[in-house]
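*Asks:* Here is my input, please return the structure:
(2 chains)
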Amino acid sequence: MIVNEQVAIDHGLKKEEYKKICELLERTPNITELGIFSAMWNEHCSYKSSRLHLKKLPTKGKQVIQGPGENAGVIDIGDNDAIVFKIESHNHPSFIEPYQGAATGVGGIMRDVFTMGARPIANLNSIHFGSPQHKKTKNLLRGVVHGIGGYGNCMGVPTIAGQTYFDSSYNGNILVNAMTLGLVKKNKIFYSKAAGLNKPVIYVGSKTGRDGIHGASMASASFDEKIEEKKPTVQVGDPFTEKLLLEACLELMAGDSIIAIQDMGAAGLTSSSIEMASKGNLGIEINLNKVPCRESKMTPYEIMLSESQERMLIVLENGKEEQAKKIFDKWNLDFAIIGKTTNSKKIELFFNNEKVTDIPVNTLVENSPMYDRKWKKAKLPKKNRIKKEDIKNLKILDVLKKVLSNPNICSKEWIWQQYDHTVMGDTIQKPGGDSGVVRVHGTDKAVAASVDSSAVYCWAHPLTGGKQVVCESFRNLISVGAKPVAITNCLNFGSPENEENMGEFVECVQGIGEAAEYLKFPVVSGNVSFYNQTKEEGIKPTPSIGGVGIIKDYKKMITMDFKKVDNIALVIGKTEGHIDQSLFARNILDEKNGPPPEINLFNEKNNGETLLKLIDKGYVKSAHDVSLGGLITALSKMCIKGKKGISLKKPGYLINQIEYFFSEDQGRYIIEIEKKDLKYVIEILDKNSVHYDEIGTVNEKELIIDDKSKVSIDDLIKTHNYWLNNYMSK
Amino acid sequence: MKSSVITFPGSNCDRDMDVALKKFGFKNKMVWHNDVEIPKSDLVVLPGGFSYGDYLRCGSMASKSKIMKSVINFANSGGMVMGICNGFQILVETGLVPGVLLRNKYLEFICKNVFVKINNKRNTYFKNIDNEVLELHIAHNEGNYFCTKNQLKEIEDNEQIAINYCNKDGKIDEEFNPNGSIKNIAGIFNKEKNVLGMMPHPERMIHSYLSGEDGSLFFNNLINNLK
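*Replies:* Okay, here's the model as predicted:
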């Protein structure tokens, strides 16, 4: 096939990019080379639109062992233990083929983690779908949930937490973000940097097939009506093979034969080999005839661009080949020596004794395009004045029931019951809480993790929204008694070529950066997914934040269920009555304008850290952060989980009851304490200048407001459980 | 007491079972599916997971693996063999216990706590347990127990039903059946009651911070009965 400008454009490259390739090579590339360039230079692999901005994120911290740039981030949790974690998107494939798309998303992120030597100990996910009324939503939801479960359950890794959100902006572009945490000994972390000359390059795992060719390029483009034709670009997962690959790799890693290891994810053999060479400042030579292929007559182009799953590339110490092969034979996996490291600083590929590729590594990596895209700054919307007559006739308990059965608030048990969340025997907080928590096997330590997004806030004002997501993650960890350590981010946006979308990206990243810096909650890994749009319609800006925290003694973990009648509930943090962009405003008043609630980083940090002190002293019996749906929603969830009621009294502020109960002011938590501890708790709160309200007393079985209106908790449970079960059973 | 846990390719509850057995005093050994002989054991466990990726049929390929000849001989000579979840699926594929395990009635994987009623205590597994009802944990996609009418009669006549899904008061009703199993069957014995297959995972219920502690009760009782 003759390569020219049109062929390059068909590969998703721009005219100027093709010109640059020809200049760098000082000749026209052949088709295999062009394929390699298109795979390395697409948005997904090169981060060409985002790199400039991502550099500004805080990535260092006392506990950070490895920040962005490796397969995953690594944090130190003491006693020579480290946690490896990352979140990644698999949005485009999941929309085209929900089961396989979601499944291979989960498989891919687990591979990123065990590539670094860590055994995966927990999975999480953040999934976003279109309006429940949209004709595709139900099947997409079912397929994605089956896919996530199908892969994670088979791997024997518990799925401990997640988030599901519906909004019509995802009608044509769903989001599937998968996160994995792994546990590793600090002195046994593996990296992707190749080192040494003439070291054997080994291929292990599944055979290479024709699936997923150009997957990364597909993920770097918008959708149009021909989307169904893209099905062959979706990879097909085999969790059984991945389980074997996991065990085999960990067995090999127990020895000292590995120099570098890299999983074959997006852009398969191409990106894995180039990454290892680039990081080691070396060259790599590969004989493509040695690559185990599933189908006959695969061309070099297909072999290099296949995204077949469950494959790894390893640079081994000389002389360790036999020993390594034995391990992979034991696990019935392919093992092939396909090449070696060289000092050429080039990637050289041979096929049928002919050199089919000869590219200097730096042209693919350092010289890859980087764009300073134009972007538009978002204005802070004007505040709405809620009219008294709009809320005058609203009965608070009627509104509460509507809110609790809202698709974005209701119980997601239908989803997480399909995920094995207890395998490995260390899950001490299951899905449905503020964070999932797993013990560090055989120790008193536990790791908490949560995943959050707030697309509506980010859409209304990206800078505030970006900050808010980080703060919410911080709060979700603190609510279970964990000290927040670091985050991973998955940045889902529309087209970077659109100034508004690019502006959303730039400002969300700025917000994330500011909050992460202030809260000492650095970003250690992540991924960017642009082009989440169909034709001209993009999604709401949706950064997902995966937060990880540590509980030193798991017996001090906190859950959100109310524990004992007559205990007192306090609200920590001040309620100002910010209704704009709240679930109440958008769904009950149908008011979609206005700014999101303000973020005060000082209060966030101070309130959170003070709560951790209270928890450490043993005063806190249950805790829950206040988020979507406001105070009364949070209180109801604590009642529902604990099967207890609460008698509420609105404090005598000047704001009205509706605003008090449904506003979404930030930096707030509800805690349950015993009466006898009240004065000690207040003393600590006062000393740390933390605002609090005494909001009510736990009772047997009813939610009662001001001794007047009441509803039974059984009723609330029914309301909370109804929507999703009913929706999925129709 | 000595125990052996068999690891098949795709097993993923083998470590959890190892941890549980050791916690309650067993000297446990992990045995590879390709080995020929099981070591001298008082109890052999086929753990949960997805042996051979559940390809062909859950448990079917594992039932033909090398080590199973030795396990079957051990069972046939009266040795204690327990299959949990995928292990139960492997047991029905070997024919050591009757029946089959179909896909769950609602075609979805289920992970949750359930109550089971102990139907027969005249055996080494449940003898001396005070409780009539245990709270255990299930996590499976194919736990819908099925057998023919004749088989069912035989199973009932021989008192081979070990546990049934029920509510917390021990009431056995379709309402409390998570997967569509015939007669709410959650676990069954062979005729001689030395082989037990069950869907629930006692090894996940061995600490108050986990899903519950009735698993501890089960293992404590089991090792005492074996002594």
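
*Asks:* Name the residues that touch stretch B:210-223?
*Replies:* A:422, A:425-428, A:430, B:1, B:20-21, B:23-26, B:43, B:113, B:124-129, B:131, B:134-137, B:201-207 (C-beta atoms under 8 Å, 6 or more residues apart in numbering or on different chains). (Glycine included, C-beta is placed from N, CA and C.)

*Asks:* Am I right that residue A:524 sits in a strand?
*Replies:* Yes. The assignment for residue A:524 is a strand, going by DSSP: H, G, I helix; E, B strand; the rest coil.

*Asks:* Quick check, it in contact with residue A:488.
*Replies:* Yes. Here residue A:524 reaches residue A:488: they are 6.3 Å apart, a contact under C-beta atoms under 8 Å.

*Asks:* Mutual contacts of those two, please.
*Replies:* A:73, A:85.

*Asks:* What number of residues are in the vicinity of whichever residue of the stretch 451-600 of chain A sits closest to chain B?
*Replies:* For the stretch 451-600 of chain A and chain B, the shortest gap (C-beta to the nearest C-beta) falls at residue A:554, measuring 6.5 Å. Number of residues near residue A:554 (other C-beta atoms under 10 Å in any protein chain shown) recorded here: 21.

*Asks:* where does it sit relative to residue B:207, distance-wise?
*Replies:* From residue A:554 across to residue B:207, the span is 10 Å (C-beta to C-beta, to the nearest Å).

*Asks:* likewise residue B:8?
*Replies:* 26 Å.

*Asks:* neighbour count winner among these two?
*Replies:* Counting neighbours by other C-beta under 10 Å for residue B:8 and for residue B:207 shows that residue B:8 has the greater number, 26 against 17.

*Asks:* interface residues of chain B facing chain A?
*Replies:* B:9-10, B:12-13, B:15-16, B:19-20, B:48-50, B:52-55, B:108-112, B:137, B:139, B:141, B:201, B:203-204, B:206, B:209-211 (C-beta under 8 Å from any C-beta of the partner chain).

*Asks:* go with 6 Å
*Replies:* Selection of chain B residues close to chain A by C-beta under 6 Å from any C-beta of the partner chain yields B:9-10, B:12, B:16, B:50, B:53, B:108-112, B:137, B:139, B:204, B:209, B:211.

*Asks:* which helices and strands sit right next to the helix or strand hosting residue A:528?
*Replies:* For residue A:528, the host element (DSSP states H and E) is strand A:523-529. Secondary-structure packing of strand A:523-529 (3 or more C-beta pairs under 6 Å, 6 or more residues apart in numbering or on different chains; DSSP states H and E): strand A:81-89, strand A:483-492.

*Asks:* any chance of the ones you listed in JSON lines, with mean neighbour count and mean pLDDT too?
*Replies:* Formatted as JSON lines, these follow (neighbours: other C-beta atoms under 10 Å in any protein chain shown; pLDDT from 0 to 100):
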{"stretch": "strand A:81-89", "mean neighbour count": "27", "mean pLDDT": "98"}
{"stretch": "strand A:483-492", "mean neighbour count": "27", "mean pLDDT": "98"}
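
*Asks:* can you redo the ones you listed as CSV with distance to chain B?
*Replies:* Conversion of the helices and strands packed on strand A:523-529 to CSV gives the following (distance: least, C-beta to the nearest C-beta, whole Å):
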stretch, distance to chain B
strand A:81-89, 17
strand A:483-492, 19
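
*Asks:* Kindly reformat the ones you listed as a markdown table containing distance to residue B:161.
*Replies:* Listed next are those as a markdown table, based on distance: least, C-beta to C-beta, whole Å:
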| stretch | distance to residue B:161 |
| --- | --- |
| strand A:81-89 | 45 |
| strand A:483-492 | 48 |
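
*Asks:* In chain B, which helix is the longest?
*Replies:* Longest helix in chain B by number of residues, with DSSP state H as the criterion: helix B:214-226.

*Asks:* Alpha carbons of that one, in CSV - could you do that?
*Replies:* Below are the C-alpha coordinates for helix B:214-226, written out as CSV (Å, rounded to 0.1, in the frame of the first residue of the first chain):
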residue,chain,number,x,y,z
ASP,B,214,-21.1,-17.9,61.2
GLY,B,215,-18.2,-19.3,59.1
SER,B,216,-16.1,-19.4,62.2
LEU,B,217,-18.8,-21.5,63.9
PHE,B,218,-18.8,-23.9,60.9
PHE,B,219,-15.0,-24.4,60.8
ASN,B,220,-14.6,-24.6,64.6
ASN,B,221,-17.2,-27.3,64.7
LEU,B,222,-15.8,-29.1,61.8
ILE,B,223,-12.3,-29.4,63.2
ASN,B,224,-13.7,-30.6,66.6
ASN,B,225,-15.8,-33.2,64.8
LEU,B,226,-12.8,-34.4,62.9
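
*Asks:* Just the buried positions in that helix, please.
*Replies:* Neighbour counts using 16 or more other C-beta atoms under 10 Å in any protein chain shown place B:214, B:215, B:216, B:217, B:218, B:219, B:220, B:221, B:222, B:223, B:225, B:226 of helix B:214-226 among the buried residues.

*Asks:* so how far is that helix off the chain centroid?
*Replies:* Helix B:214-226 sits 14 Å away from the centroid of its parent chain (C-alpha atoms, centre = their mean, to the nearest Å).

*Asks:* Which residues outside stretch A:296-312 are in contact with it?
*Replies:* Stretch A:296-312 is contacted by residues A:31-32, A:35-36, A:39, A:104, A:107, A:204-206, A:208-215, A:235, A:237-238, A:241-242, A:245, A:263-264, A:268-270, A:288, A:291, A:351, A:356 when judged by C-beta atoms under 6 Å, 6 or more residues apart in numbering or on different chains.

*Asks:* Looking at residue A:389 now. What's its pLDDT?
*Replies:* According to the prediction, residue A:389 has pLDDT 78.

*Asks:* quick one: what helix or strand has it in it?
*Replies:* Residue A:389 belongs to helix A:388-392 when assigned by DSSP H and E.

*Asks:* Next up, phi/psi of residue A:725, please.
*Replies:* phi -60, psi -40 (degrees, to the nearest 10).

*Asks:* Please name the residues that touch it.
*Replies:* Contact partners of residue A:725, counting by C-beta under 6 Å, 6+ apart, are residue A:414.

*Asks:* do you know how far it is from residue A:642?
*Replies:* 21 Å.

*Asks:* again with residue A:310
*Replies:* Between residue A:310 and residue A:642 the computed distance is 43 Å (C-beta to C-beta).

*Asks:* Can I get stretch A:320-334 in PDB, CA atoms only?
*Replies:* Taking C-alpha atoms only, stretch A:320-334 is exported to PDB below (Å, rounded to 0.1, in the frame of the first residue of the first chain):
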ATOM      1  CA  LYS A 320      17.000 -16.300  32.800                       C
ATOM      2  CA  GLU A 321      15.000 -17.300  29.700                       C
ATOM      3  CA  GLU A 322      14.600 -21.000  30.600                       C
ATOM      4  CA  GLN A 323      13.600 -20.400  34.200                       C
ATOM      5  CA  ALA A 324      11.000 -17.800  33.100                       C
ATOM      6  CA  LYS A 325       9.600 -20.100  30.400                       C
ATOM      7  CA  LYS A 326       9.000 -22.800  32.900                       C
ATOM      8  CA  ILE A 327       6.700 -20.500  34.900                       C
ATOM      9  CA  PHE A 328       4.600 -19.600  31.800                       C
ATOM     10  CA  ASP A 329       4.500 -23.200  30.700                       C
ATOM     11  CA  LYS A 330       3.100 -24.100  34.100                       C
ATOM     12  CA  TRP A 331       0.300 -21.600  33.600                       C
ATOM     13  CA  ASN A 332      -0.200 -22.700  30.000                       C
ATOM     14  CA  LEU A 333       0.600 -19.300  28.600                       C
ATOM     15  CA  ASP A 334       2.600 -18.400  25.500                       C
END
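
*Asks:* Nothing else from me, thank you.
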